[in-house]
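[1] Make a model of this:
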Amino acid sequence: MLNPNLEEIELSRGEYEHFSRHIILPEVGLNGQKRLKAASVCCIGTGGLGSPLLLYLAAAGIGRIGIVDFDVVDRSNLQRQIIHGTAWVGKPKIASAKARIHEINPFCQVDLYEARLSSDNVLDILAPYDVVIDGTDNFPTRYLTNDACVLLNKPNVYGSIFRFEGQATVFNYEGGPNYRDLYPEPPPPGMVPSCAEGGVLGVLCGMIGSIQATETIKIILGLSNTLSGRLLLYDSLKMKFRELTLRPNPIRPVIEELVDYEQFCGIPQARAQEEQQRQQLAEMDVQELKLLLDSDINDYVLIDVRDPNEFEIAKIPGATLIPLSEIEEGLGIEKVTSLANGHRIIAHCKLGGRSAKALSILKGVGIDGVNVKGGILAWSQEVDSSVPQY
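    Sure thing, here's the model as predicted:
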C-alpha cells in the first residue's frame, strides 16, 4: 500500500515510543511512520543480505514482512548472517528470522514461506506485497524474481556480494530498468563462484543489505533519488564507491510469461555435462582412500586441487597442493606430470567437483586419475572429525 489512507492508520503509544527517532525526522514525520506501518515488503532469502536488511526494516517499523527461504541455519552462516544465532543451528532460517524480528519490533506482522521460489509459486507469493527485495545468491532466482516483479509491476530492490565487492540498485521502479537491462544473459554455469567456494567478507553483507533497506524505506516514503537507473558498486578493500548509469534497453525482449529459469541459466545442461565427466572418471570414497593411506602401497600420488588458503585450513595427510587454477593454466599439468612418474594420480578438493574438473583436464593430456568422492568434507565427516569443516 504505497499510497495508504493515512487517516485510517493509527500508532499506539508503544509505537510512538518505539519509533520516536524516526517521527522527529522532518523527512519521515508522523505520516511517514504511518506509511511504514502500512507498507508490506517481501524479502527473498534470509542469508547474508537478508539478515541485515530484515533487521533494519523491522526496526524501521515496516508493518508487514514476508520471508521466503527453505534453508536451515548452518554454523558457517553465522559469520555474516547476523539475524541468526547459535541456538538456531539446524533449524529453519525463516523461523529464526521471525523470532529475531519480533524481538526488535513486536508490532510487525511476519509471513513465512518455507519454499523454494519457482515459476509455479512466485506470483502468488509476491502479489500481496508493495516492494520485493532480492537477497538471493544464484542467477536462476534473480531472473525469476526480476520477471515476476515486471509482470506484477513491483519495485525490485537488488543487491549482490562476492568476496570484498558488492553492488546494489533498484529495478522496475517508475519506468526504470530491470535486471535484464544489466544482465541480458546469464553467465555460463560455474563461471561465477558461490560464496561457499569463493568466500565473502562478513561485514560486506551488512553494507549492501543496509543499502537495500535504505532504498526500500525511501520507496515507501516516496523520497526521491533512489538507485533506480544507477548501479552502485562498492569495493570494501579500497573503501571506494563507484556508480554506473543504467537505462532500459529499447530492444530487450518483452517479459510476458515466466519460464524454466534453471533451463534458462543452463543448469541442467551443466549438471549433465558434469555427470558425464564423472562417469568417465574412476572414483573412490574416503573410506577406500583411508585404507590406501594406511597400507604399505606407495604406487600413488594424492593431490589437493583447492586454493592455498583452503589448504591451510584443513588437509588430508600426504596430499600435495596443486590448485585447479594452476592446472587450468598449464603450470599445474607439468607438476602433476613430474609427480606421476609411473604413479597413480588421486585427486580431491572440498566436495569433489573441482577435483573432477582437474582430472578431466589431465585426462585430455593423457594423464588418468581417480577422484575422491565428497572431498575433504566427507573425510572430516566419515574418517577424521578433527579435520575442520568450512
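[2] just the strands in the stretch 51-200 of the chain please.
    Using DSSP state E, counting those that start in this stretch, the strands of the stretch 51-200 of the chain run over 64-68, 109-113, 131-134, 156-162, 165-171.
[3] What is the least confident helix or strand in this protein?
    helix 195-198 (a mean of 76; mean pLDDT, DSSP states H and E).
[4] any idea of the mean pLDDT for the following helix or strand past it?
    Next along the chain after helix 195-198, taking DSSP states H and E as the criterion, comes helix 202-221. Averaged across helix 202-221, pLDDT comes to 98.
[5] can you check stretch 121-138 too?
    According to the model, stretch 121-138 has a mean pLDDT of 97.
[6] before we move on, what about stretch 148-156?
    98.
[7] Any buried residues in the least confident helix or strand of the chain, and which?
    For helix 195-198, burial by neighbour count (16 or more other C-beta atoms under 10 Å) applies to Cys195, Glu197. The C-beta positions use only the backbone N, C-alpha and C, and glycine is treated the same way.
[8] what does stretch 101-110 give?
    Applying 16+ other C-beta under 10 Å to stretch 101-110 flags Ile101, Ile104, Asn105, Phe107, Cys108, Val110 as buried.
[9] which residues are in contact with stretch 367-379?
    Residues outside stretch 367-379 that contact it (C-beta atoms under 8 Å, 6 or more residues apart in numbering): 278, 281-286, 289, 304, 306, 314-316, 333, 336-337, 340, 344-352, 355-356, 359, 362-363, 381-382, 387, 389.
[10] mind running it again at 6 Å?
    281-286, 289, 314, 316, 345-352, 355-356, 359, 362 (C-beta atoms under 6 Å, 6 or more residues apart in numbering).
[11] Next: stretch 18-35.
    Leu6, Ile9, Gly61, Ile220, Leu221.
[12] Now the last one: closest residue in space, sequence neighbours ignored.
    In other words, Leu221. Gly32 (5.0 Å; C-beta to C-beta, 6 or more residues apart in numbering).
[13] Check that neighbour and give its pLDDT.
    97.
[14] Wasn't it part of a helix?
    Yes - under DSSP: H, G, I helix; E, B strand; the rest coil, Gly32 sits within a helix.
[15] circling back: of the contacts of stretch 18-35, just say which sits nearest to Thr320.
    When those are ranked by distance to Thr320 (C-beta to C-beta), Ile220 comes first, at 56.3 Å.
[16] Give me the distance between that closest one and Glu274.
    Ile220 sits at a distance of 44 Å from Glu274 (criterion: C-beta to C-beta, to the nearest Å).
[17] Neighbour count: these two, which is higher?
    Shown here are Ile220 and Glu274; by other C-beta atoms under 10 Å, Ile220 has more neighbours (27 against 16).
[18] Without its sequence neighbours, what residue ends up closest to that one?
    Ala39 (4.5 Å).
[19] do the same with Asp235
    Counting by C-beta to C-beta, 6+ apart, Asp235 lies nearest to Glu165, which is 5.4 Å off, once chain neighbours are set aside.
[20] closest one to Met191 among the strands of the stretch 51-200 of the chain?
    strand 156-162 (12.0 Å).
[21] tell me the angle of that closest one relative to strand 165-171?
    170 degrees (axes from the mean of the first three to the mean of the last three C-alpha atoms, to 10 degrees).
[22] Quick one: list the elements packing against strand 156-162.
    strand 131-134, strand 165-171, helix 202-221 (3 or more C-beta pairs under 6 Å, 6 or more residues apart in numbering; DSSP states H and E).
[23] out of those, which comes closest to Tyr16?
    Of all the helices and strands packed on strand 156-162, helix 202-221 comes closest under C-beta to C-beta, at 18.0 Å.
[24] and after the closest one, which helix or strand comes next?
    strand 230-235.
[25] That next one pairs with which strands, and in what direction?
    Paired neighbours of strand 230-235 in the sheet (DSSP bridges): strand 165-171 (antiparallel), strand 240-245 (antiparallel).
[26] In CSV: these, plus mean neighbour count and mean pLDDT.
    Shown next, in CSV, are the strands paired with strand 230-235 (neighbours: other C-beta atoms under 10 Å; pLDDT from 0 to 100):
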stretch, mean neighbour count, mean pLDDT
strand 165-171, 24, 98
strand 240-245, 10, 98
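[27] Just send these back as a markdown table, with distance to Gly206 too.
    As requested, the strands paired with strand 230-235 are exported to a markdown table (distance: least, C-beta to C-beta, whole Å):
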| stretch | distance to Gly206 |
| --- | --- |
| strand 165-171 | 10 |
| strand 240-245 | 15 |
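[28] what are the ranges of the helices in the stretch 1-150 of the chain?
    13-18, 20-23, 29-38, 50-60, 93-104, 122-126, 139-152 (DSSP state H, counting those that start in this stretch).
[29] what comes up buried for the first one?
    Neighbour-count burial for helix 13-18, with 16+ other C-beta under 10 Å as criterion, is recorded at Glu15, His18.
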